[in-house]
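A.B. asks: Here is the input, now give the coordinates:
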Amino acid sequence: MRRFFSKNRHLSCTFISLLSACAAADPPAFYHQAAIPSAGPGALIATAPYTPAPPGAAAYRVLYNSEDIRGRIVPVSGVVYIPLSPPPPGGRNVIAWAHPTTGIAPACAPSLDSGGIGGITLAQSIPGLADFIAAGDVVTATDYQGLGTQGVHPYLIGQSEGQNILDSVRAARLLPGAHLSGNFAVWGHSQGAQAALFAGQLAASYTPELHLVGVAAAAPPTDMQGELTEPFRSNAGRLLAAWIYYSWAITYNVPITTVVYPQIIPAIDHEAGLCINTLAQGAQAILAARQLNPFWDHPPAATPPWPELFAENSPGHSPPGAPLLIIQGLKDPTVEPHWTESFVSRACARGDVLEFDRMPGVTHLPVAYKALPVVEPWLAARFAGAPAPDNCNE
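C.D. replies: A predicted model of the protein is given here:
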């Protein structure tokens, strides 16, 4: 669920400050504009040119309406890439990218990435973007609620993430030069893979005007109780746990002290303001997580309402909405392979159409890039209407 790319962001600290973690600066005014409730989900609130754009594409920073888990209209930010080539007959297809973990504070939004010395651009962090643009596809890249925009990010809360992805496709329809076909696919990594699976489950009811052709998910967290109640023996594990329980406590209005030691609350509050989009930020946040030990005061798997929330945010309890491609690195220490194997087994038993690709020797961070030789032709075939492969019986 981590993304430790070397990127430049609006930082309030420098690379040499590794021994004292610090928070990123507040996003600019573009991100502070209010939602437009009367316009409904997917409506554009504001747009601006986004640079740098990849070759052959125009890029737009967007602010659009989406829904939170209580049905309220909220602003969500992101970026949309539109090919400069003429649209094909019938319009362009859309690939909705769902990004991995960057943090839970507003300043952690991927759309704030601008590249720079030693950094890479947002476009370079989206696996397959150049090839999707060359194929004539529009690509959306939501930040998710609470990243860029104000308020806590509902981290690993599937309904919120899925709706944000689906509304990014709606918003893209309103941009100049989009000319969309109505067909779209979702592609995500880590947190984004869980989000992608939820987008698939929600698509038919939430965006009935759109046609989902497939969902590709690399290293998806799929068993929230199993994966979020570990002892967290490492600083990195404690960092992720701090973000999860901080975010869920606020989103669901559940006191975090029902599960964690009260004395570590100041350290959790501090971690909530940190991001991991750069190697420096990642080092700072993990180092600060030393203050989160011991973590559990009460076991969350046995403490209501946490088990109910774990189940609610574990994908697979509803039809997938489209054929699935699941990618898993077999050396992944973050989303361990046995969790994904269990999810795939359950999906196959339900009769879902699913291709499962295991990648020997591949760890968590590079898996989405390593998977492109499988993901790109799979997505292209879904748009072409070819029958989806299913290796459940292999």
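A.B. asks: contacts, neighbours, all on C-alpha from now
C.D. replies: OK.
A.B. asks: thought Pro389 was touching Asp352?
C.D. replies: No: using C-alpha atoms under 8 Å, Pro389 is not in contact with Asp352, being 11.1 Å away.
A.B. asks: more crowded one of the two?
C.D. replies: Asp352 (19 against 16; other C-alpha atoms under 10 Å).
A.B. asks: Assumed the more buried one was part of a helix.
C.D. replies: No: counting by DSSP: H, G, I helix; E, B strand; the rest coil, Asp352 falls outside a helix, being coil.
A.B. asks: residues contacting it?
C.D. replies: 319-320, 323-324 (C-alpha atoms under 8 Å, 6 or more residues apart in numbering).
A.B. asks: Which elements pack onto the longest helix seen in the chain?
C.D. replies: Secondary structure assigned by DSSP state H gives helix 235-252 as the longest helix of the chain. Applying 3 or more C-alpha pairs under 8 Å, 6 or more residues apart in numbering; DSSP states H and E, one finds that helix 235-252 contacts helix 265-271, helix 279-288.
A.B. asks: got the residue ranges for the strands in the stretch 201-350 of the chain?
C.D. replies: Assigned by DSSP state E, counting those that start in this stretch, the strands in the stretch 201-350 of the chain fall at 211-218, 324-329.
A.B. asks: among those, which is nearest Ser168?
C.D. replies: Of all the strands of the stretch 201-350 of the chain, strand 211-218 sits nearest to Ser168, with 13.5 Å by C-alpha to C-alpha.
A.B. asks: Which elements pack onto the closest one?
C.D. replies: strand 180-189, helix 191-206, strand 324-329, helix 372-384.
A.B. asks: what comes up buried for the longest one?
C.D. replies: Neighbour-count burial for helix 191-206, counted by 16 or more other C-alpha atoms under 10 Å, picks out 191-204, 206.
A.B. asks: which residues are in contact with that helix?
C.D. replies: 1, 97-101, 156, 158-159, 161-163, 165-166, 186-188, 210, 212, 214-222, 315-316, 318-322.
A.B. asks: Name all residues that make contact with the residue nearest to Ile165 when sequence neighbours are not counted.
C.D. replies: Nearest residue to Ile165, sequence neighbours excluded (C-alpha to C-alpha, 6 or more residues apart in numbering): Thr142, at 6.1 Å. Shown in contact with Thr142 (C-alpha under 8 Å, 6+ apart): 76-79, 96-99, 164-165, 168.
A.B. asks: pLDDT score for Thr142?
C.D. replies: Looking at Thr142, its pLDDT is 98.
A.B. asks: Repeat that for Pro294.
C.D. replies: Pro294 is given a pLDDT of 88.
A.B. asks: residues near the spatially closest residue to it that is not a sequence neighbour, how many?
C.D. replies: Residue nearest to Pro294 in three dimensions, not counting chain neighbours: Tyr261, with 7.5 Å by C-alpha to C-alpha, 6+ apart. If you count neighbours by other C-alpha under 10 Å, Tyr261 ends up with 16.
A.B. asks: just checking, Tyr261 touches Trp296?
C.D. replies: Yes: between Tyr261 and Trp296 a contact is recorded at 6.1 Å, counting by C-alpha under 8 Å.
A.B. asks: Pull the distance from stretch 369-378 to the chain's centre.
C.D. replies: 18 Å (C-alpha atoms, centre = their mean, to the nearest Å).
A.B. asks: What are the buried residues along it?
C.D. replies: 370-371, 375-376, 378.
A.B. asks: Of all pairs in these, which one is the farthest apart?
C.D. replies: Pairwise over those, using C-alpha to C-alpha, the maximum falls at Lys370 and Trp378, 14.2 Å.
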